[in-house]
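> Next one to model:
(chains A and B)
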Amino acid sequence: MSAWLSRAADSDIWWSFKSSSLTVVAAAATIFIIVVAFLSPLLAPHTPFDPATLSLSDGLKPPVLLSADGEWTFPLGTDDQGRDILSSIMYGTRLSLVVGFASVIVAMVLGISLGLVSGYFGGTIDAVIMRIADVQLTFPAILVALLIDGIVRGLISVQRHDEIAIYVIVGAIGLSFWVQYARTVRGSVLVEKNKEYVQAARVIGLSPILIMVRHVLPNVTGPVLVIATINLGLAIISEATLSFLGVGLPSTEPSLGTLIRLGNEVLQSGDWWITVFPGVTLAALVLAVNLLGDWLRDALNPKLR
Amino acid sequence: MLAFILRRLLQSVAVLLTVGLVAFFLFRYVGDPINAMVGQDTSMEEREQLREKLGLTEPAPIQFLRFIGNAVQGRFGLSYRTSEPVGRMILERLPATLELSFCAAMFAMLVGIPMGVYTGLYPRHWTSRLFQAVSLIGISLPTFLIGILLILFFSVILHWLPSFGRGETVQIGWWTTNFLTVKGLEALILPSITLGLFQLTLLMRLVRSEMLEVMRTDYIKFARARGLSNRAINFGHALKNTLVPVITVTGLQLGALIAFALVTETVFAWPGVGQLFIQSVQFSDIPVMAAYLMLIGLLFVLINLIVDLLYFVVDPRLRGQGGAARVGGH
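Sure, this is the predicted structure:
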């Protein structure tokens, strides 16, 4: 363990991480947001989506530091139902992160498998997969996700849709982002598969699956990791956008996007804090993740060293 | 060059047919067209007769051909939600979306390209660093959040600009325009900024990195040695050579702009096709979804085609080679 640690401390990556203070701040902010969000049942002052704990007389309280009407029990104010904004944000961030991570994993698994198959076997299967990728790339990801959501709504009842909404969203976002992984992985496979070590593995009779996973896949870890980090930011934005448009998660289980939509409905009356605080949280989270992604891309790119 | 154009045309038709196939499967197999047309007390027999009459019992390839034939003539069936013809619903709302996207693209280009040139020429100046920081924030803020924040400042707090709808419009034939009234122009400002901001940051970053690269090349040094003015070098030599990737990205982004308009339209209650699409997703109004899909597919294919043809105008090297591979990165 300590040998592994000292090796990591000597590495180029760690050095480039330490020398960029912006990256260190971004990493700290990301970790802080993730930890607070996942500990929200322990840390949040209220349980905002348990109707039994809500009282309408607490409704529309402004943030405590900005107005004399505020109360310290609701540091960032409350919405029209009397829900504490701070607690809503903590629970909402957790949901946004879960959807973000899950859809990146879906996209990654799907994209890597299709890319490996496409590159390794070539021929018709390669042509079919890559033409599908081309057509899908013609459309922006958010449109593909909307379309998938609309199709699922057409196939099942409304009530059933609310129950499985989170899976539909994860699937829709995952399916809309697989192309990039597939193309990257396919490219590396085409390069690697004619090298001697892969031929040697083939000669000793290893199965194609084993060769792909054990020998070809490790070569693409770097680029895939970079795409995944950048995609995490995009996936979080996509989920927020879908929820904001009212086709994402139901308002009984609000993510950051849903919170912003609910706040936007009462924005004209001037109760800005209901929208602005979840919005700032979302922006900070995505900014931090994007900064990490940018750094990782530069750090793993040998051309820039 | 002719061969190249022909090949691109064939590819475009292939993509359009694929999109049409997806739309057809949506239209035909997700949700039942008969259910949407008849009441609950229609007997099974009458349903079967209707099915026969509409040709829904014929083999799928024939139905597909008829679907494409109808689509080419702008007939997309009736909306499940409003029972209006889908073609007319889309046509009524198309001007709103196109005008919004046009203004957003203009805003992005007229502000983004000069900003990119400036930051590329003076990368160490403090204003360049400021532009860079702002662009990073611009890329991280989701479109709808930018819209909400603009509404909050300019409508709710300052009361300067309207926050929803198109304001006053003037009807010219079937086209309704915002450009001819003051109220209409005011209503365009906030949505155009919201929609264009992401494209602006993208263009700025692209022009900046291209300029940084071009300014290091030998022909710029020679141009300086020849004693040309800075203005002639910066715009005549440097900017001109960054144009190929800029055209690619602008073109591809124009399509994204029209698609992303659906988010902006929702925020600003802008009565365009994007808003129509969101409503149709919420109600799973399949005919509208299918028609929107084909419309966007057509727009994307057209834009890509125009971008490819523009390369020949911009890059003289391509004209002689009888259509080499596509240049420029994505």
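
> how about the spatially most central residue of chain A, secondary structure?
Among the residues of chain A, the one closest to the centroid is residue A:100, at 2.5 Å (Cα atoms, centre = their mean). When the structure is reduced to helix, strand and coil (DSSP: H, G, I helix; E, B strand; the rest coil), residue A:100 reads as helix.

> So which other helices or strands are in contact with the single longest helix found in chain B?
Longest helix in chain B by number of residues (criterion: DSSP state H): helix B:86-121. Contacting helix B:86-121 under the criterion 3 or more Cβ pairs under 8 Å, 6 or more residues apart in numbering or on different chains; DSSP states H and E are the following elements: helix B:126-140, strand B:175-177, helix B:182-215, helix B:243-267, helix B:273-282, helix B:286-314. (C-beta placed from N, C-alpha, C; glycine too.)

> could you dump those to a markdown table with distance to chain A, mean neighbour count and mean pLDDT?
Rendered in a markdown table, the data for the helices and strands packed on helix B:86-121 read as follows (distance: least, Cβ to the nearest Cβ, whole Å; neighbours: other Cβ atoms under 10 Å in any protein chain shown; pLDDT from 0 to 100):
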| stretch | distance to chain A | mean neighbour count | mean pLDDT |
| --- | --- | --- | --- |
| helix B:126-140 | 4 | 15 | 81 |
| strand B:175-177 | 24 | 15 | 78 |
| helix B:182-215 | 11 | 21 | 85 |
| helix B:243-267 | 5 | 22 | 81 |
| helix B:273-282 | 4 | 23 | 86 |
| helix B:286-314 | 5 | 20 | 82 |
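
> re earlier: ok, the residue nearest to the centre of chain A touching residue A:228?
No - with contacts defined as Cβ atoms under 8 Å, residue A:100 does not count as touching residue A:228, sitting 10.8 Å away.

> any idea what sits nearest residue A:210, other than its immediate chain neighbours?
For residue A:210, ignoring the flanking residues on the chain, the nearest one in space by Cβ to Cβ, 6 or more residues apart in numbering or on different chains is residue A:201 at 7.9 Å.

> mind checking which helix or strand that neighbour is in?
Assigning secondary structure by DSSP states H and E places residue A:201 in helix A:196-203.

> tell me which residues in that helix are buried?
By neighbour count with 16 or more other Cβ atoms under 10 Å in any protein chain shown, helix A:196-203 contains the buried residues A:198, A:201.

> go on, stretch A:177-193?
Here stretch A:177-193 shows A:177-186, A:188-189, A:192-193 as buried, counting by 16+ other Cβ under 10 Å.

> What helix or strand is residue B:171 located in?
Element membership of residue B:171 [criterion: DSSP H and E] is strand B:170-172.

> related to what we said a few turns ago, contacting residues around the residue nearest to the centre of chain A?
Shown here is residue A:100, whose contacts under the criterion Cβ atoms under 8 Å, 6 or more residues apart in numbering or on different chains are A:232, A:235, A:236, A:239.

> Over to the last one. Which of the three states is it?
Judged by three-state DSSP, the three-state class of residue A:239 is helix.

> ok, now how distant is the residue of chain B positioned farthest from its centre from chain A?
No residue in chain B sits farther from the centre than residue B:45, which is 45.6 Å out by Cα atoms, centre = their mean. Taken as Cβ to the nearest Cβ, to the nearest Å, the spacing of residue B:45 relative to chain A amounts to 26 Å.

> tell me which element that residue is part of?
Counting by DSSP H and E, the secondary-structure element that holds residue B:45 is helix B:44-53.

> From the contact counts, what lies against the helix or strand following that helix?
Using DSSP H and E, the helix or strand that follows helix B:44-53 towards the C-terminus is helix B:60-72. Contacts defined by 3+ Cβ pairs under 8 Å, 6+ apart place helix B:60-72 against helix B:2-29.

> ok and the helix it packs on relative to helix B:286-314, angle-wise?
Put simply, helix B:2-29 runs at 170 degrees to helix B:286-314, going by axes from the mean of the first three to the mean of the last three Cα atoms, to 10 degrees.

> which helices and strands sit right next to helix B:2-29?
Counting contacts by 3+ Cβ pairs under 8 Å, 6+ apart, helix B:2-29 is packed against helix A:123-138, helix B:60-72, helix B:286-314.

> how about the helices in the stretch 151-300 of chain A?
In the stretch 151-300 of chain A, the segments counted as helices under DSSP state H, counting those that start in this stretch are A:158-163, A:165-176, A:178-192, A:196-203, A:208-210, A:221-244, A:256-265, A:273-300.

> wait, which of those is closest to residue B:97?
When these are ranked by proximity to residue B:97, the top entry is helix A:221-244, at 17.5 Å, counting by Cβ to Cβ.

> what about residue A:132, how many residues close to it?
Summarising burial for residue A:132: neighbours were counted as other Cβ atoms under 10 Å in any protein chain shown, giving 15.

> Between the two ends of stretch B:223-235, what distance do you get?
12 Å (Cα to Cα, to the nearest Å).

> Check stretch B:162-179 too.
End-to-end for stretch B:162-179, by Cα to Cα: 15 Å.

> Of all residues in the stretch 201-305 of chain A, which one is closest to chain B?
Each residue of the stretch 201-305 of chain A has a distance to chain B, by Cβ to the nearest Cβ, and the smallest belongs to residue A:287, at 4.0 Å.

> Helix or strand: which one has the closest residue to residue A:284 other than its chain neighbours?
Distances taken as Cβ to Cβ, 6+ apart place residue A:29 nearest to residue A:284, at 6.6 Å, with adjacent residues excluded. When elements are assigned from DSSP H and E, residue A:29 belongs to helix A:21-38.

> Can you name the residues in contact with that helix?
So helix A:21-38 is in contact with A:17-18, A:43, A:90, A:93-94, A:97, A:281, A:284-285, A:287-289, A:291-292, A:295, going by Cβ under 8 Å, 6+ apart.

> about what we covered before: list the contacts of the residue nearest to residue A:210.
For residue A:201, the contacting residues are A:210, A:211, A:215, taking Cβ under 8 Å, 6+ apart as the criterion.

> From those, list the buried ones, please.
Of the members of the contacts of residue A:201, the ones counted as buried by neighbours, 16+ other Cβ under 10 Å, are A:211, A:215.

> how much space is there between the residue nearest to residue A:284 and residue B:137?
Counting by Cβ to Cβ, to the nearest Å, the gap between residue A:29 and residue B:137 amounts to 14 Å.

> cool, and residue A:27?
Applying Cβ to Cβ to residue A:27 and residue B:137 gives a distance of 18 Å.

> Okay, now the unreliable bits of the stretch 51-200 of chain B?
Within the stretch 51-200 of chain B, the set of residues satisfying pLDDT under 70 comprises B:54-55.

> rerun at 90
For the stretch 51-200 of chain B, the stretches with pLDDT under 90 are B:51-99, B:101-102, B:105-106, B:108-109, B:112-190, B:194-200.

> Same question for the stretch 1-150 of chain A.
Low-confidence segments of the stretch 1-150 of chain A, defined by pLDDT under 90, span residues A:1-30, A:32-92, A:95, A:116-150.

> One more pass at 70, please.
Looking at the stretch 1-150 of chain A by pLDDT under 70, you get A:1-2, A:49-61, A:64-74, A:82.

> Quick check, the residue in it closest to chain B?
Closest contact between the stretch 1-150 of chain A and chain B, by Cβ to the nearest Cβ, is at residue A:150 (3.8 Å).

> how near is that residue to residue B:26?
If you measure residue A:150 against residue B:26 using Cβ to Cβ, the figure is 9 Å.

> joint contacts of those two?
Common neighbours of residue A:150 and residue B:26, counting by Cβ under 8 Å, 6+ apart, are B:286, B:289.

> Of those two, which one has the most company?
Neighbour totals were compared for residue A:150 and residue B:26, and residue A:150 leads with 27 against 19 (other Cβ under 10 Å).

> wait, what's in contact with the nearest residue to the more buried one once chain neighbours are set aside?
Here the nearest residue to residue A:150 in space, its sequence neighbours aside, is residue B:281; by Cβ to Cβ, 6+ apart that works out to 3.8 Å. If a contact means Cβ under 8 Å, 6+ apart, then residue B:281 has A:146, A:147, A:149, A:150, A:153, A:247, B:289 as its contacts.
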